[in-house]
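> Everything below, folded, please.
(2 chains)
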Amino acid sequence: MSTIRRQLFGLSDRVRASPLKAWSLAICAFIVSLYVRFLSDHLLPPGFPYLTFFPAVILTTFMAGLWPGAVCALACGFAAWYWFIPPSGNFELNASVLVALAFYAGVVIVDILLIQVMHKALDSLQDERRKSDALLVEQKRLLGEQRDRERQQRILQRELSHRMKNTLAMVQAVVSQSLRNATDTKLAAEQASARIQALALAQDALTATDWEAGDVETVVRTAIAPHNDGHNRFDISGPSVAIAAQPALGLALAIHELATNATKYGALSVPDGKIIVRWQTPGDNQFHFSWTEANGPVIMEPKRSGFGSRLTERIVPTYFKGKAQATYPAGGYEYHLRGTLGSEDET
Amino acid sequence: MTSGIIRPIAPPVILIVEDEPLLRLAAIDLVEDAGFQAIAAADATEAVTILESRYDIRLVLTDVDMPRGVDGMRLAAIIRDRWPPIKVIIVSGHIDDPGGQIPAETAFYTKPYREQQIVEKIREMLA
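Coordinates of the predicted model:
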């Protein structure tokens, strides 16, 4: 039943939305009702001039709307007056005709108004329903967005926890390696602390670029900053090139070691000492980094290899899948690293 | 009659699989300081190549998150399937509780781990 009702109201909406359909229906309803009225004229007792016209007006108003319904009512009224209210065949107006017409007008006006009120109420209801549907869609969208945000938040929290644990594991490795075979534990603790600080500075440089990758120059300058006494001791130059997080940390640790050694024994231990830092990307993802000290004291190759030299000569090159070489010419210490920058998915 | 020559017993070989070079070196030192022989791989693919070429590896100490597709969990499953006698210890900073993900007879520790705990576990698994 509700299906028929829905279909009927749906049909009414479609007809009312199209003026052509609405007025066509009004004309058809009038013609059909007039035709049926003529056909049934000999069957009906006197006094029923409007019998077929009432359904036509109600149907037209319901299906086609107020104005087609009103015009149909007017046409039906005139037809009934002319053909079916005695004396037929003219528009004579007398008291009984006036009463009959007034009765007709009263009935059709009430019918049209009631149907119109019903339509308005239905239109208003449909409007409300559309608004409710739109609100529901909006609510679903907002809920979806909130769920996405929460999911993103959880991913970020997991990622942060993962990175924190990896950083702590690196700190643990730095500490254990610094203390390993140490004869002076106080000095070893200071070295570990300085290395952790170098890691922290490199992390800052990476955090500024969303931790995915950094710029070599930023990493180099950040690592050198704590060792720069402000007297133009460093000559830093190289192209702008992206470096992934892991190699960036490795490079920062290497620079820290090189700068610490330069401060203790090399170019930074004398007033005129200079350090030239260069890097190049000659092609095919190649990465060359060099640290050349000048005007420094004569230094000899150390006899014993500590964690610092293991870091610069063995560990850091593996971040770049390459090799490093430290040399001790008369002009000053030199360190050359040759490798590749690698792709993001390898890091 | 027994020979008078005393052959030194070679220390058990442990394969360390870790992509982070600093952590790899620390793990190598940890294992060597504990009296074992360490060899290292930077990812699971390299680890499988080493396992295919050597028959003296007794235990694998592996990270979970590694480059080149195969992670430590998958590597542990491969080892359990292809080299059942080899013991496996998995370490991860990414997973807190692996639940049923880890294969049988495999130990799991979160990073950063207590070095002594790892050494004791290696000794227990190789006993």
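> use CA for all of it now, contacts and neighbours both
OK.
> Now residue A:339: which helix or strand?
Using DSSP states H and E, residue A:339 maps to strand A:334-340.
> what comes into contact with that strand?
The contact list for strand A:334-340 (Cα atoms under 8 Å, 6 or more residues apart in numbering or on different chains) reads A:285-293, A:317, A:320-328.
> Which segments of chain A make up each domain?
A:2-140, A:204-346 (automatic domain parsing).
> contacting residues around residue 89?
Using chain A here. A:82-83.
> was after chain B, sorry
Applying Cα under 8 Å, 6+ apart, the residues near residue B:89 are B:59-62, B:106-109.
> Just give me the closest of those residues to residue A:237.
residue B:62 (39.1 Å; Cα to Cα).
> you'd agree the closest one is in a helix?
No - remark: residue B:62 does not belong to a helix; assigned using DSSP: H, G, I helix; E, B strand; the rest coil, it is strand.
> dump the residue contacts of it.
Residue B:62 is in contact with B:16-18, B:72, B:88-91, counting by Cα under 8 Å, 6+ apart.
> Report the lowest-confidence entry in those.
Among those, residue B:72 carries the lowest pLDDT, at 89.
> Ramachandran coordinates for the closest residue in space to that one that isn't next to it in sequence?
Closest residue in space to residue B:72, ignoring its immediate chain neighbours: residue B:64 at 3.8 Å, by Cα to Cα, 6 or more residues apart in numbering or on different chains. Main-chain dihedrals, residue B:64, degrees, to the nearest 10: phi -90, psi -50.
> Residue numbers of the stretch 151-300 of chain A in contact with chain B?
Contacts of the stretch 151-300 of chain A with chain B, taken as Cα under 8 Å from any Cα of the partner chain, map to A:158-159, A:161-163, A:165-166, A:168-170, A:172-174, A:176-177, A:246.
> Now, of these, which are buried?
Buried residues within these, defined by neighbour count using 16 or more other Cα atoms under 10 Å in any protein chain shown: A:161-162, A:165-166, A:168-170, A:172-174, A:176-177, A:246.
> Out of those residues, which sit inside helices?
A:161-162, A:165-166, A:168-170, A:172-174, A:176-177, A:246 (DSSP state H).
> returning to what we had before: looking at the domains of chain A, which has the lowest confidence?
Minimum mean pLDDT among those: domain A:204-346, a mean of 86.
> What parts of chain B come near chain A?
Taking Cα under 8 Å from any Cα as the criterion, the contact residues of chain B with chain A come out as B:20-23, B:25-26, B:67-68, B:93-94, B:111-113.
> Lowest pLDDT pick from those?
Among those, residue B:68 has the weakest pLDDT, 73.
> for it, phi and psi?
phi 70, psi 30.
> top of the contacts of residue B:89 by neighbour count?
residue B:62 (31 neighbours; other Cα atoms under 10 Å in any protein chain shown).
> Roughly how far does that one sit from residue B:109?
Here residue B:62 is placed at a distance of 10 Å from residue B:109 (Cα to Cα, to the nearest Å).
> what do you get for residue A:112?
83 Å.
> does residue A:197 sit in a helix or strand, and which one?
Going by DSSP H and E, residue A:197 is in helix A:185-207.
> Identify the residues contacting that helix?
Contacts of helix A:185-207 (Cα under 8 Å, 6+ apart): A:171, A:174-175, A:178-179, A:182, A:211-214, A:218-219, A:222-223, A:245, A:248-249, A:252-253, A:256-257.
> Is the closest residue to residue A:83 other than its chain neighbours in a helix, a strand, or coil?
Among residues not flanking residue A:83 along the chain, residue A:89 sits closest, at 5.4 Å (Cα to Cα, 6+ apart). Secondary structure, three-state DSSP: residue A:89 is coil.
> quick one on the thing from earlier: mind putting the contacts of residue B:89 in JSON lines, distance to residue B:38 and pLDDT included?
Below are those laid out as JSON lines (distance: Cα to Cα, whole Å; pLDDT from 0 to 100):
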{"residue": "B:59", "distance to residue B:38": "10", "pLDDT": "96"}
{"residue": "B:60", "distance to residue B:38": "10", "pLDDT": "96"}
{"residue": "B:61", "distance to residue B:38": "10", "pLDDT": "96"}
{"residue": "B:62", "distance to residue B:38": "12", "pLDDT": "95"}
{"residue": "B:106", "distance to residue B:38": "19", "pLDDT": "89"}
{"residue": "B:107", "distance to residue B:38": "18", "pLDDT": "92"}
{"residue": "B:108", "distance to residue B:38": "19", "pLDDT": "92"}
{"residue": "B:109", "distance to residue B:38": "19", "pLDDT": "92"}
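> Thank you, goodbye.
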